[in-house]
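Student: Starting from these lines, generate the structure:
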Amino acid sequence: MCKFGVFGITDFNRIAETFNAITGRKEDKDTIIKIGDRIWYLERLLNIKLGLTPKDDKLPERLVKESVQEGPAKGLTCPIDELLPEFYKAGELDPMTGKPSQHILKKMGLDV
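Tutor: This is a model prediction of the structure:
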């Protein structure tokens, strides 16, 4: 499940309950979120192995060039060039390679 579409909307306790009912496991919401984070970093590593670079971290042109037509964000576009460095910092990603830091790889159990 993509967390971009569910944070603030979905109750991760409920997802944990559903996950546990299906699998017979006993995980809490924090574990479910960590599982999602680990999947995201695995996808990141796979994409890097397949040749993607930080130059590929971009949004569709429509989101960065066409402004929002209505609502509280009316007239705004996504300032991806300003946000991307913060994204890399928050995700502990190397801005030159896009690769997660050793700290994150170890934290996620991906330091093989």
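Student: Give me the contact list for the longest helix seen in the chain.
Tutor: Assignment by DSSP state H gives helix 29-49 as the longest helix of the chain. Contacting residues not belonging to helix 29-49 are listed as 1, 3, 12-13, 15-16, 19, 27, 56, 93, 97-100, 104-105, 108-110 [C-beta atoms under 8 Å, 6 or more residues apart in numbering]. Yep, even glycine has a C-beta here, placed from its N, CA and C like the rest.
Student: Go through those residues and flag which are in helices.
Tutor: 12-13, 15-16, 19, 104-105.
Student: Just the buried ones among those residues, please.
Tutor: Buried members of the ones in helices among the contacts of helix 29-49, scored by 16 or more other C-beta atoms under 10 Å, are 12, 15-16, 19, 104-105.
Student: Quickly name whichever of the residues you listed is closest to residue 78.
Tutor: For these, the residue nearest residue 78 by C-beta to C-beta is residue 104; the value is 24.7 Å.
Student: I'd like to know how far residue 101 sits from residue 86.
Tutor: From residue 101 across to residue 86, the span is 15 Å (C-beta to C-beta, to the nearest Å).
Student: Which residue of these two possesses the greater neighbour count?
Tutor: residue 101 (12 against 9; other C-beta atoms under 10 Å).
Student: Same list, the buried ones among the ones in helices among the contacts of helix 29-49, but as a markdown table with pLDDT and distance to residue 65 please.
Tutor: Converted to a markdown table, these look like this (pLDDT from 0 to 100; distance: C-beta to C-beta, whole Å):
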| residue | pLDDT | distance to residue 65 |
| --- | --- | --- |
| 12 | 85 | 34 |
| 15 | 88 | 35 |
| 16 | 92 | 40 |
| 19 | 91 | 39 |
| 104 | 97 | 32 |
| 105 | 97 | 35 |
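Student: Now those residues in CSV, please, with extra columns for distance to residue 52.
Tutor: Formatted as CSV, these follow (distance: C-beta to C-beta, whole Å):
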residue, distance to residue 52
12, 29
15, 29
16, 31
19, 30
104, 17
105, 17
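Student: Just name the closest of those to residue 73, please.
Tutor: In terms of C-beta to C-beta, no member of these lies closer to residue 73 than residue 12, at 25.9 Å.
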